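A.B. asks: just coords:
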């Protein structure tokens, strides 16, 4: 059963990865770059400040730093525990794929890009939900696009993304609850 799942994951990766073309490569390389979405993060922080105030912004930044540190560290711990090679390092896969990433790390399970972007989407979307009801959906779509970019450039399997996205949802929600707890203790408005 496990072997069938792994083989299906590899087959789905090869299908999705080979949908790419040189025409679209620069776009997907930009999407997968870790600093491309810094303006989006800046906009989210500005909206938090505008709608919730300076104290809420400071608490949010502290919680976000903790959240990203947490998701990064857990992702790295799982990668080095599971030790599943990335597609770009797997014989029988790397010969049939398109590889356009700048580098190929060693282990890929599970995706840090997916967990971090989804955690940020859930946290930011829930924090801004009283003011921008549909923002969470746009942020989730953004996170899914970032996740797919990791298949496109050739560094993650679909299961790497699915597990990373799931962990991101759990982390984003958990750190949103931490924010609410701190806000309540500091008597900040929680709306």
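C.D. replies: Cool, the structure landed. Note that the structure is predicted; figures quoted are calculated from it, not measured. Numbering: from 1, shown residues only.

A.B. asks: helices or strands next to the helix or strand hosting residue 162 in the packing?
C.D. replies: Per DSSP states H and E, residue 162 falls inside helix 158-185. Applying 3 or more CB pairs under 8 Å, 6 or more residues apart in numbering; DSSP states H and E, we find helix 158-185 packed against helix 2-17, helix 54-82, helix 112-128, helix 135-152. The C-beta positions use only the backbone N, C-alpha and C, and glycine is treated the same way.

A.B. asks: of all the ones you listed, which one is nearest residue 158?
C.D. replies: Closest to residue 158 of the helices and strands packed on helix 158-185 is helix 2-17 (CB to CB; 5.0 Å).

A.B. asks: who touches residue 137 in this structure?
C.D. replies: Neighbouring residues of residue 137 by CB atoms under 8 Å, 6 or more residues apart in numbering: residue 125.

A.B. asks: ok, residue 160 next?
C.D. replies: 84, 108-111, 114, 150.

A.B. asks: which one of these sits closest to residue 181?
C.D. replies: Once CB to CB is applied, the member of these that ends up nearest residue 181 is residue 114, at 26.2 Å.

A.B. asks: do you know how far the spatially closest residue to residue 74 that is not a sequence neighbour is from residue 88?
C.D. replies: Computed as CB to CB, 6 or more residues apart in numbering, the closest residue to residue 74 that is not its neighbour in sequence is residue 167, at 7.0 Å. Computed as CB to CB, to the nearest Å, the residue 167 to residue 88 distance reads 22 Å.
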